[in-house]
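**Q** Next comes the sequence, and after it the predicted model I'd like to discuss.
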Amino acid sequence: YKLIVHYKDGKTEENNIRGVTYSADQYGRDFGAHYKKDIPLMQEAGINTVRTYRPLAIYDPHGRLDVSATRTMLNAFANAGITVQVGFDLNEDIATGSYLDYISEFGGNPAIPGWTLGNEYNYHYIDATHPADADHWLTKAQWLTNLTQAVKAIKTMDGKHIVSIVVGEIPTLSELQEYRAAGVDAVGANIYRGNAGIAGISAQWEDLV
């Protein structure tokens, strides 16, 4: 499959992603202090897309979303030709419903092609081998239920943007079918094989889909 961008003037083009995951600090929140110096570095590196773990946002000293400053930052990315696949965390954004507030406020910003729910949660399922603890905190069924509900809520509010997830490693066919059933449009994979182990990834993915 391909990602096709449709512009208001009728123009369409394929979106070839050359991107990185962007986290300005340990918790993926402090973007306001860094983006102005980071954007030129991204342009120099040829980056045209960033994905975030948490919403690309700026907060006031009381932790409230600064809508004006956030919009200015998103516009800076758009003006630099860099799109932002905005990520939402299960506990802090999805469970609280704040992800819908962000989408409602910024869904029309030209910097944003879509939304990403979670990051490799398939590594954090509670099961017989991994009981509930700091590193394993939800069952697979719980995650799929939360995912399905969040995707439905997003598409009810915003039917124009891609909804994706990011998993650890290439998913199995049954896992991919579960994500499709949840309504997910695209799946990204974090691969930890090192340089020597990535040669067969494209063929492995093509065999899967």
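**A** Perfect, I can see it now. Residues are numbered from 1 along each chain as shown.
**Q** Other residues contacting the lengthiest helix in the chain?
**A** Counting residues, the longest helix found in the chain (DSSP state H) is helix 140-157. Residues outside helix 140-157 that contact it (CB atoms under 8 Å, 6 or more residues apart in numbering): 88, 90, 94-95, 99-100, 103-104, 107, 115, 117-118, 121-122, 125, 127, 138, 161, 163, 165, 178-179, 181-184. Yep, even glycine has a C-beta here, placed from its N, CA and C like the rest.
**Q** Kindly write the ChimeraX command that selects the buried subset of those residues.
**A** A single ChimeraX command selects the buried members of the contacts of helix 140-157 (16 or more other CB atoms under 10 Å):
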select :88,90,94,99,100,103,107,115,117,118,121,122,125,138,161,163,165,178,179,182,184
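**Q** Looking at the contacts of helix 140-157, which are in helices?
**A** Counting by DSSP H, those contribute Tyr99, Leu100, Ile103, Ser104, Glu178, Tyr179, Ala181 to helices.
**Q** Now render those residues as a markdown table, adding pLDDT and distance to Asn75.
**A** As requested, these are arranged in a markdown table below (pLDDT from 0 to 100; distance: CB to CB, whole Å):
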| residue | pLDDT | distance to Asn75 |
| --- | --- | --- |
| Tyr99 | 96 | 21 |
| Leu100 | 96 | 22 |
| Ile103 | 97 | 17 |
| Ser104 | 96 | 18 |
| Glu178 | 96 | 37 |
| Tyr179 | 96 | 32 |
| Ala181 | 97 | 36 |
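**Q** Closest one to Thr12 out of the residues you listed, please.
**A** Using CB to CB, the shortest approach to Thr12 within those belongs to Ile103, at 23.5 Å.
**Q** what residues are up against Tyr1?
**A** Ala186, Val209.
**Q** what's the distance between it and Val187?
**A** From Tyr1 over to Val187 the distance is 10 Å, taken as CB to CB, to the nearest Å.
**Q** one step back: show me which pair in the ones in helices among the contacts of helix 140-157 is furthest apart.
**A** Spanning the widest gap among the ones in helices among the contacts of helix 140-157 are Ser104 and Glu178, at 27.9 Å by CB to CB.
**Q** sorry, back to before: pull out the buried residues from the longest helix of the chain.
**A** Trp143, Leu144, Asn146, Leu147, Thr148, Ala150, Val151, Ile154.
**Q** Can you check what angle separates that helix from helix 98-106?
**A** 20 degrees (axes from the mean of the first three to the mean of the last three CA atoms, to 10 degrees).
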